[in-house]
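# Following is a predicted model, sequence given first.
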Protein chains: 2
Amino acid sequence: MPTLSSRITSLNAGGGDGWEIFYKARALVAAGQPVTELTIGEPDTKTDPAILAEMHRAASAGHTGYAVVPGTPALRDAIAARVTERSGVLTTRENVLVTPGGQSALFAAHMAACTPGGAALMVEPHYVTYPGTIRAAGAVPHSVQTRPERSFFPDPADLRRSAATSGASSLLINTPNNPTGAVYPRETLTGIADVAQEQDLWVISDEVYDTQIWEGAHLSPRALPGMAERTMVIGSLSKSHAMTGSRIGWLIAPEAAIAALIDLATNTTYGVPGYIQDAALYALTADATLEPRVAEPFRRRRALAQGILAAQNTVGLVPSGGAMYLFLDVRATGLSGIAFADALLDAHRIAVMPGESFGPSAAGFIRVALTLPDAEFSEALSTLAGFAAGLAKAA
Amino acid sequence: MPTLSSRITSLNAGGGDGWEIFYKARALVAAGQPVTELTIGEPDTKTDPAILAEMHRAASAGHTGYAVVPGTPALRDAIAARVTERSGVLTTRENVLVTPGGQSALFAAHMAACTPGGAALMVEPHYVTYPGTIRAAGAVPHSVQTRPERSFFPDPADLRRSAATSGASSLLINTPNNPTGAVYPRETLTGIADVAQEQDLWVISDEVYDTQIWEGAHLSPRALPGMAERTMVIGSLSKSHAMTGSRIGWLIAPEAAIAALIDLATNTTYGVPGYIQDAALYALTADATLEPRVAEPFRRRRALAQGILAAQNTVGLVPSGGAMYLFLDVRATGLSGIAFADALLDAHRIAVMPGESFGPSAAGFIRVALTLPDAEFSEALSTLAGFAAGLAKAA
């Protein structure tokens, strides 16, 4: 076999640790053992039948040929209207590229913002694909650490230092945040905007959890003064409408960037199925109850968790405002996140993600997904808290 | 706005000429003028209702969550079985990556085979996205010209010279060919295989028209001795099953390459909708009449064209064995392909693609798609032939 490009053979090098727990849980499931899965980052509801009915209607009506690469005009307009309404920034069809999922938009944004071999900043802890996505785009990921005592909000001074020393051309942020649930407040975003303008950075803002806000309000950095021209926003219907498997998302960017990104899409994906775009248009515009129906169970389970955790004092609940996860501080047990997750899986067949899987800033934490039915979720969380208390007493 | 990466701002630089004719025709259509479109590279049939029904069944049954990134095991197995049967090369699930369309597979193959700044060969004339796809993967496209008097088959001596002087790591071929309809014979493919082994090239073989064979037989270079380890094959359901809009295809490669390509897919697309994969599985396995029903109209119209062109001697029909196009030699009119296409559009509102749009080797030729209903197609071709005869007489 001829050589493979080193670009694609080292994509996942140096990624987060602790994924062996995830795979150990999967292996137990595959072997028929009952495992309580608190690792799953997708809604436990299926895509609404009304959305699927619209998809079938569009396909049966003949929308099965090539759709135009940038996205159908109707869907681009609907996304632009939604972004305008939510952010207050006038957004038109020419600012929108429809993509086959948020991951594809993340990759495309870095292809646009980074030069081969150049540096790209990302705030850590972060979603698992971020370093690989930056490497796939030929750039070099540089982590900017955050601290639990600052609620995992990035410190603008750290960003400034990292940007200046690395010469980065982009900064990837994620609010509401996976894994921490952090919803960045205005002062954090203003600090990010200041650094971006000083250091001439693109801000790539992953906002795929923007419909899951439990406290405070979501603010996009694109809405801050001077930022629309240097911000690319990633959106998706995966989390907001339980459409993970449909692979449909979008990228919002300045018109000139979208024009070039359409050329990139022509050569890398050739667009998104038209009937899925028609279904997405329905999901975004036809029934305003679809979105809250997907988000509501997470809000409810978060409240259940707050009640359970208030009754003990071993496990700390990181104050968070959004996303479908709890981020828990288990340092009082004396264990790392990895060791705690492994011990919990062995003792109680409950699978959680070690914080370390999302980066070293999250050492001693675990991520718990809000994606199990209420009763099962509550029982698992009570068991987890009791298990942690036992460890803390022994420590 | 910060700088955009030059990678994405120059993707379409230096592409083929003559696309102004295509856009001129589109503008006429948009203005409400009747245009006979012989430019369209997708079947004029819609996706079969049985395939769409299976898609809806799968989605309604709950297959709406994340599918595994490499593709569902059942679809990978079905593709592997199909490739084994058709090529005679033992192919397993581990050799298959399901991709969101053939274009995505083309891009991924070049990401795997090329290093940033390295050279990538492509046989010319070629499908319009080839140079941009190679550039998007960070490599530099090098055309290898072909000659009409050799039926547009590449000459191994030319390939050898281009590979040696450019230091290329890959060679992109396409058989059956768009635009020429050429089906490469065994001796051409053996020559390609010899050069690939001498020069340590990956062969990237675009075989998306392999179900449209009118004369001779399709042979994949992967089936030649020693070639399975250095060949990546692009396949798709777009042309074979009229599923262009569903964006589903595949890449066949050595196991070690697929393992790395799965990492790339995780970071660039995150897989293909599960319900589309279920529909694809149905299309490939449930009803053996689906494929011939899509191909049959092209065979029939090709025969109609042969009859019409036999009755005149201005327009030459390039001898071809496959694909949904006719490649016509209009050099006897004294016009270039571009000038002929432009004059034909002005005089008769018939739109064809100039050969030059696919590369300079095809100067003085035009591409005619077999994608109009028989009567309309025959009438357009008769008009075209008469128009050419008039030009030739005047010349």
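Right, received. Where do you want to start?

# Which of the helices or strands spans the most centrally placed residue in chain A?
Centroid-nearest residue in chain A, with CA atoms, centre = their mean: A:Asn178, separated by 5.1 Å. When elements are defined using DSSP states H and E, A:Asn178 is found to belong to no helix and no strand.

# residues touching it, list them.
Listed by CB atoms under 8 Å, 6 or more residues apart in numbering or on different chains, the contact set of A:Asn178 reads A:Gly41, A:His126, A:Tyr127, A:Tyr209, A:Ala323, A:Tyr325, A:Phe358. For glycine as for every other residue, the C-beta is placed from the backbone atoms N, C-alpha and C.

# which of these has the most neighbours?
For the contacts of A:Asn178, the largest neighbour count, defined by other CB atoms under 10 Å in any protein chain shown, is 30 neighbours, found at A:Ala323.

# Just to check, it is in contact with A:Val208?
No: in this structure, A:Ala323 is not within contact of A:Val208 by CB atoms under 8 Å, at 9.2 Å.

# on that earlier part again, where does the residue nearest to the centre of chain A fall, phi/psi-wise?
Comment: the main-chain dihedrals of A:Asn178 come out as phi -110, psi 120, following degrees, to the nearest 10.

# Of the contacts of A:Asn178, just say which sits nearest to chain B.
Here the nearest of these to chain B, counting by CB to the nearest CB, is A:Gly41; it sits at 8.8 Å.

# Would you double-check that that closest one falls in a strand?
No: under DSSP: H, G, I helix; E, B strand; the rest coil, A:Gly41 falls outside any strand and is assigned coil.

# Kindly confirm whether my reading is correct that it touches A:Phe298.
No: if you go by CB under 8 Å, A:Gly41 and A:Phe298 don't touch, sitting 11.6 Å apart.

# who touches both of those two?
Between them, A:Gly41 and A:Phe298 share the contacting residues A:Met324, A:Thr371, judged by CB under 8 Å, 6+ apart.

# From the opening residue of stretch A:167-177 to its closing one, how far?
Using CA to CA, to the nearest Å, the span of stretch A:167-177 from its first residue to its last is 25 Å.

# mind listing what's buried in that stretch?
Within stretch A:167-177, the residues scored as buried using 16 or more other CB atoms under 10 Å in any protein chain shown are A:Ala168, A:Ser169, A:Ser170, A:Leu171, A:Leu172, A:Ile173, A:Asn174, A:Thr175, A:Pro176, A:Asn177.

# Reformat those as CSV; add pLDDT, distance to chain B and secondary structure.
CSV is the format used below for the buried residues of stretch A:167-177 (pLDDT from 0 to 100; distance: CB to the nearest CB, whole Å; DSSP: H, G, I helix; E, B strand; the rest coil):
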residue, pLDDT, distance to chain B, secondary structure
A:Ala168, 98, 11, coil
A:Ser169, 98, 7, coil
A:Ser170, 98, 8, strand
A:Leu171, 98, 11, strand
A:Leu172, 98, 13, strand
A:Ile173, 98, 16, strand
A:Asn174, 98, 16, strand
A:Thr175, 98, 21, coil
A:Pro176, 98, 20, coil
A:Asn177, 98, 19, coil
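
# Regarding A:Leu326, what is its secondary structure?
Remark: A:Leu326 carries the secondary structure label strand [criterion: three-state DSSP].

# how about the nearest residue to it, chain neighbours excluded?
Nearest in space to A:Leu326, with sequence neighbours left out and distances taken as CB to CB, 6 or more residues apart in numbering or on different chains, is A:Val368 at 4.4 Å.

# before we move on, what about A:Asp44?
Nearest residue to A:Asp44, sequence neighbours excluded (CB to CB, 6+ apart): A:Thr371, at 4.5 Å.

# pLDDT of the helix or strand hosting A:Ala343, averaged?
Under the criterion of DSSP H and E, A:Ala343 resides in helix A:337-348. With pLDDT averaged residue by residue, helix A:337-348 scores 97.

# which residues are contacting the helix or strand following it?
Proceeding N to C from helix A:337-348, the next assigned helix or strand is strand A:350-351, under DSSP H and E. Judged by CB under 8 Å, 6+ apart, the contacts made with strand A:350-351 from elsewhere in the structure are A:21-22, A:25, A:35-39, A:341, A:344-345, A:380, A:383-384.

# partners of strand A:350-351 in the sheet?
In the sheet containing strand A:350-351, its partner strands are strand A:36-37 (parallel), by DSSP bridges.

# so how far is the partner strand from its chain's centroid?
The chain centroid and the centroid of strand A:36-37 are separated by 21 Å under CA atoms, centre = their mean, to the nearest Å.

# got the contact list for that strand?
Residues beyond strand A:36-37 that count as contacts (CB under 8 Å, 6+ apart) turn out to be A:Ala25, A:Val29, A:His348, A:Arg349, A:Ile350, A:Ala351, A:Ala369, A:Leu372, A:Glu376, A:Ala380.

# What is the subsequent helix or strand relative to that strand?
Scanning forward in sequence from strand A:36-37, with DSSP H and E defining helices and strands, the next element found is helix A:49-60.

# Check what contacts that next one and list those residues.
The contact list for helix A:49-60 (CB under 8 Å, 6+ apart) reads A:241, A:243, A:274-276, A:278-279, A:282-283, A:286-287, A:290, B:47, B:49, B:52, B:55-56, B:59-60, B:64.

# can you name the two of the buried residues of stretch A:167-177 that are farthest apart?
Checked with CB to CB, the buried residues of stretch A:167-177 reach their widest spread between A:Ser169 and A:Pro176, with 25.2 Å between them.

# Poorly predicted segments of chain A, please.
A:13-16 (pLDDT under 70).

# got the residue ranges for the helices in it?
For chain A, helices defined by DSSP state H occupy the ranges A:6-9, A:19-30, A:49-60, A:73-87, A:102-113, A:130-136, A:156-166, A:186-198, A:255-268, A:274-285, A:290-310, A:337-348, A:374-394.

# What is the distance between the shortest one and the centre of its chain?
Computed by CA atoms, centre = their mean, the separation of helix A:6-9 from the middle of its chain amounts to 24 Å.

# Mind checking if that helix is in reach of chain B?
Yes: with CB under 8 Å from any CB of the partner chain as the criterion, chain B is reached by helix A:6-9 at A:Ser6, A:Arg7, A:Ile8, A:Thr9.

# Closest one of those to A:Ala303?
For these, the residue nearest A:Ala303 by CB to CB is A:Ile8; the value is 44.0 Å.

# how much space between that closest one and A:Met122?
Look at A:Ile8 and A:Met122: by CB to CB, to the nearest Å, they are 20 Å apart.

# so how many other residues sit close to the closest residue to A:Ser238 other than its chain neighbours?
Nearest in space to A:Ser238, with sequence neighbours left out and distances taken as CB to CB, 6+ apart, is A:Thr244 at 4.3 Å. Here the count is done by other CB under 10 Å, and A:Thr244 has 26 residues near it.
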